[in-house]
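*Asks:* Next input, structure requested:
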Amino acid sequence: MRYHPRVPAPETPPIAADVLVIGAGISGLSCARALVDAARGLRVVVVDKGRGLGGRCATRRVGDQAIDHGLAFIHGRDPGLIAALDATPGALAWPTAVVGAGRPCQPRAFAAGERRFAFAAGLTAFAKRLADGLEIHRGARVVALAPGLARAADGRRFAAPTIVLTPPLPQTRALLGDLRRDDLAEADAGALRSIDGLLRMLGSVPCLTAIAGYPRERTPPAWDLLVPDDAAIQQIAHDSRKRPDPAAHVLVVQATPRWSRAHLEEDPARWSAALLAAAAPHLPDALGPPRFVDHQRWRYARQEGAEQLREPILLDLDGGRRLGLTGEAFDLRGGAEGAWLAGRALAERLLRSPAQPPRSPRSDP
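*Replies:* Next comes the predicted model:
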């Protein structure tokens with residue numbers, strides 16, 4: 001991966017590309033990876049608002065210990081995805097010890113034929129493998145969009161005849177709203193209004209997450225994943241069972257969508273304490289109180305209503321510009337597998353119909 005600093009001078013010209021992919025989650029990375037691997041000589045640039053890669057395939061570190069605080073694992077059955085996961089260093093089958101009478105967040109993950117993956121170094125290992133060799137600009141939060149042009153909050157600008165949007169749908173809709181205010185041809189404006197109407201029907205599910213670390217000498221749970229029948233707790237992942245020599249026992253507690261919505265705007269210290277208190281009855285008494293706690297608020301943890309979309313959107317705009325929309329909501333399978341498939345599906349469409357040169361330049365967004 002070639003990372004780039006976030007201190008450009010405001011007067012510098014736009015960074016030019018053939019395809020600009022906004023978002024370095026699994027969908028954006030799989031789309032960019034497929035475009036580059038096709039060896040068509042395209043310059044593909046990926047931009048992301050964060051410092052890390054992978055979106056909800058998120059791993060943080062406490063000391064030297066990796067902790068997955070977004071997705072607990074990746075699952076699927078698509079041969080291409082399985083091959084890519086198998087080829088990522090440190091891949092392991094996880095979870096295997098699953099207990100509880102509740103309903104999993106992704107019930108299909110435990111269906112016959114599904115494979116489940118985690119990584120000793122954390123789920124970001126898969127994102128980093130997809131990103132290897134890609135041109136990625138991090139810390140670039142896109143705040144303005146025009147056909148063929150994007151501007152980040154720090155002043156960086158990017159120009160490409162084809163722009164691909166992969167953020168969560170509320171953020172994508174905000175960028176489309178900015179684009180609709182541009183001087184568009186009536187047909188283009190009408191198409192964007194129709195797309196916005198479709199996206200408005202879809203929902204995003206939040207997930208509040210608490211992380212608790214316990215001293216190594218205490219007795220941890222014997223399971224990998226607990227799915228309780230509980231109004232507050234969606235699942236508890238015994239994250240440290242993925243690690244070869246963990247310094248601490250670490251549990252990642254994720255709330256149900258209803259509980260998350262009810263507490264979404266509260267102070268994180270308050271809701272994380274309440275979430276850990278709700279989890280306590282499900283844990284061994286010998287585990288005792290945690291040594292450290294942390295939290296993560298996932299405002300857009302997953303998408304609902306993918307049956308409305310089924311496939312990515314590719315819109316031809318006036319002047320030879322193109323706009324693509326993809327992400328997990330654009331594939332019926334959803335989750336990380338849906339994100340992977342939707343990203344690659346859009347890449348295949350782009351490769352089948354290369355962009356035509358623009359007939360006239362556009363102004364800065």
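*Asks:* ok, now how distant is the residue minimising distance to the centre of the chain from L71?
*Replies:* Nearest to the mean C-alpha position of the chain, by Cα atoms, centre = their mean, lies G55 at 3.0 Å. In this structure, G55 lies at 9 Å from L71, with Cβ to Cβ, to the nearest Å as the measure. For every residue, glycine as well, the C-beta is placed using N, CA and C.
*Asks:* likewise A111?
*Replies:* 17 Å.
*Asks:* Neighbour count for these two, which is higher?
*Replies:* Neighbours per residue (other Cβ atoms under 10 Å) separate A111 from L71, with L71 holding more: 25 against 10.
*Asks:* Excluding chain neighbours, what is closest to D18?
*Replies:* Beyond its immediate neighbours in the sequence, the residue positioned closest to D18 (Cβ to Cβ, 6 or more residues apart in numbering) is L42, lying 4.3 Å away.
*Asks:* dump the residue contacts of the nearest residue to D230 once chain neighbours are set aside.
*Replies:* Closest residue in space to D230, ignoring its immediate chain neighbours: G102 at 6.4 Å, by Cβ to Cβ, 6+ apart. When contacts are counted by Cβ atoms under 8 Å, 6 or more residues apart in numbering, G102 touches V227, P228, D229, D230, I233, Q234, Q235.
*Asks:* hmm, try it at 10 Å
*Replies:* The contact partners of G102, by Cβ atoms under 10 Å, 6 or more residues apart in numbering, come to L226, V227, P228, D229, D230, I233, Q234, Q235, T256.
*Asks:* list the contacts for the fourth one?
*Replies:* Taking Cβ under 10 Å, 6+ apart as the contact definition, D229 lies against G100, A101, G102, R103.
*Asks:* gap between the second one and D68?
*Replies:* The spacing between A101 and D68, counted by Cβ to Cβ, is 24 Å.
*Asks:* Of those two, give the one with the bigger neighbour count.
*Replies:* A side-by-side neighbour count of A101 and D68, using other Cβ under 10 Å, places D68 first with 23 against 8.
*Asks:* how about the residue nearest to the centre of the chain, what does it touch?
*Replies:* G55 makes contact with 23-29, 48, 70-71, 124, 127, 166-168, 298, 300, 327-328, 336, 339 under the criterion Cβ under 10 Å, 6+ apart.
*Asks:* Just to be sure, which of those are found in strands?
*Replies:* For those, membership in strands holds for W298, Y300, with DSSP state E as the criterion.
*Asks:* Now do the buried residues in the longest helix along the chain.
*Replies:* In the chain, ranked by residue count with DSSP state H as the criterion, the top helix is helix 335-352. For helix 335-352, the neighbour count (16 or more other Cβ atoms under 10 Å) marks 335-347, 349-350 as buried.
*Asks:* looking at the sheet around V253, what are its partners?
*Replies:* A210, I236 (DSSP bridges).
*Asks:* For it, list the residues it contacts.
*Replies:* By Cβ under 10 Å, 6+ apart, the contact list for V253 reads 208-212, 226, 232-237, 272, 275-276, 278-280, 282-283, 293, 295.
*Asks:* got it, and P244?
*Replies:* Applying Cβ under 10 Å, 6+ apart, we find P244 in contact with G90, L92, A120, A121.
*Asks:* Just the buried residues of those residues.
*Replies:* Of all the contacts of P244 considered here, the ones buried according to neighbour count by 16+ other Cβ under 10 Å are A121.
*Asks:* Let me know the closest of the contacts of P244 to I15.
*Replies:* Nearest to I15 out of the contacts of P244 is A121 (Cβ to Cβ; 30.3 Å).
*Asks:* So G80: helix, strand or coil?
*Replies:* Using DSSP: H, G, I helix; E, B strand; the rest coil, the structure places G80 in helix.
*Asks:* hang on, isn't it packed against W340?
*Replies:* Yes: judged on Cβ atoms under 10 Å, G80 makes contact with W340 at a distance of 7.8 Å.
*Asks:* Show me the common contact partners of those two, please.
*Replies:* Counting by Cβ under 10 Å, 6+ apart, the residues touching both G80 and W340 are S30, A34.
*Asks:* Would you mark the buried spots in whichever strand or helix holds T172?
*Replies:* In this assignment (DSSP states H and E), T172 forms part of helix 169-180. Taking 16+ other Cβ under 10 Å as the neighbour-count basis, helix 169-180 is seen to contain the buried residues L169, Q171, T172, R173, L175, L176, D178, L179, R180.
*Asks:* Stretch 240-260 now?
*Replies:* Within stretch 240-260, the residues that qualify as buried are 240-243, 246, 248-257, 259-260, counting by 16+ other Cβ under 10 Å.
*Asks:* just for this protein, where's the confidence low?
*Replies:* Scanning the chain for pLDDT under 70 picks out 1-11, 182, 305-308, 354-365.
*Asks:* and the contacts of D229 as TSV, adding distance to G139 and secondary structure?
*Replies:* Conversion of the contacts of D229 to TSV gives the following (distance: Cβ to Cβ, whole Å; DSSP: H, G, I helix; E, B strand; the rest coil):
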residue	distance to G139	secondary structure
G100	39	coil
A101	43	coil
G102	38	coil
R103	38	coil
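*Asks:* and which of those is nearest to V19?
*Replies:* Closest approach between those and V19, by Cβ to Cβ: R103, at 39.2 Å.
*Asks:* Count the residues that sit near G28.
*Replies:* 32.
*Asks:* ok, it - contacts?
*Replies:* 21-22, 46-48, 53-55, 127, 130-131, 134, 136, 164-167, 326-327, 339, 343, 346.
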